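Student: The amino acid sequence is not available; the structure is as follows:
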């Protein structure tokens with residue numbers, strides 16, 4: 001499992017680099033076309049790249065912490081659930097791009113990372129000999145943990161964006 005555990009933060013940051021580099025400028029360029037997606041516009045209103053990057057950094061820290069704790073304790077349930085949540089995140093980006101009808105900064109790495117992640121998840125399920133019941137519990141715990149953390153990451157994103165905007 002040791003060789004698979006550290007692929008979670010690696011895949012996460014590979015994917016999120018595409019988002020860090022391009023999402024905020026893309027969002028500003030496409031604001032008119034995205035008007036009907038009010039929640040998206042509201043979530044990122046006033047957010048700058050530095051704020052977005054700080055949220056990604058916090059999420060990366062969580063991925064590394066989960067991976068390290070799993071490695072140290074030999075308990076991989078939360079890790080597996082988090083990685084499943086990350087893979088679901090890739091699916092969401094692909095669906096978002098289809099719904100919007102154009103490229104979004106996250107699509108290319110989502111298409112690359114999804115099959116790789118699915119293969120790693122499959123291999124780890126076999127190695128850990130997880131039952132369907134255990135897998136379902138791990139997935140729910142991981143997805144809930146990531147969803148709760150996303151709220152915290154968005155709070156950081158807004159705070160850092162506000163700080164940098166005030167200092168300019």
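Tutor: Perfect, I can see it now. From a predicted model like this one, the values you see are computed outputs, not experimental measurements.

Student: can you give me the offset of the longest helix along the chain from its chain's centre?
Tutor: Scanning the chain for the helix with the most residues, using DSSP state H, yields helix 132-167. Computed by Cα atoms, centre = their mean, to the nearest Å, the chain-centroid distance of helix 132-167 equals 8 Å.

Student: And it, what does it pack against?
Tutor: Counting contacts by 3 or more Cβ pairs under 8 Å, 6 or more residues apart in numbering; DSSP states H and E, helix 132-167 packs against helix 49-73, helix 77-100. For every residue, glycine as well, the C-beta is placed using N, CA and C.

Student: and residue 69, what does it touch?
Tutor: 75, 78 (Cβ atoms under 8 Å, 6 or more residues apart in numbering).

Student: Same check on residue 13?
Tutor: 56, 60, 63 are the contacts of residue 13 under Cβ under 8 Å, 6+ apart.

Student: between the residues you listed, which has the most around it?
Tutor: residue 63 (23 neighbours; other Cβ atoms under 10 Å).

Student: how close does that one sit to residue 89?
Tutor: According to Cβ to Cβ, to the nearest Å, residue 63 stands 12 Å off from residue 89.

Student: Residue 134 now?
Tutor: Taken as Cβ to Cβ, the span from residue 134 to residue 89 is 22 Å.

Student: And for residue 5?
Tutor: 18 Å.

Student: re earlier: more neighbours: which of residue 134 and residue 89?
Tutor: Ranked by neighbour count (other Cβ under 10 Å), residue 134 and residue 89 place residue 89 first, with 20 against 14.
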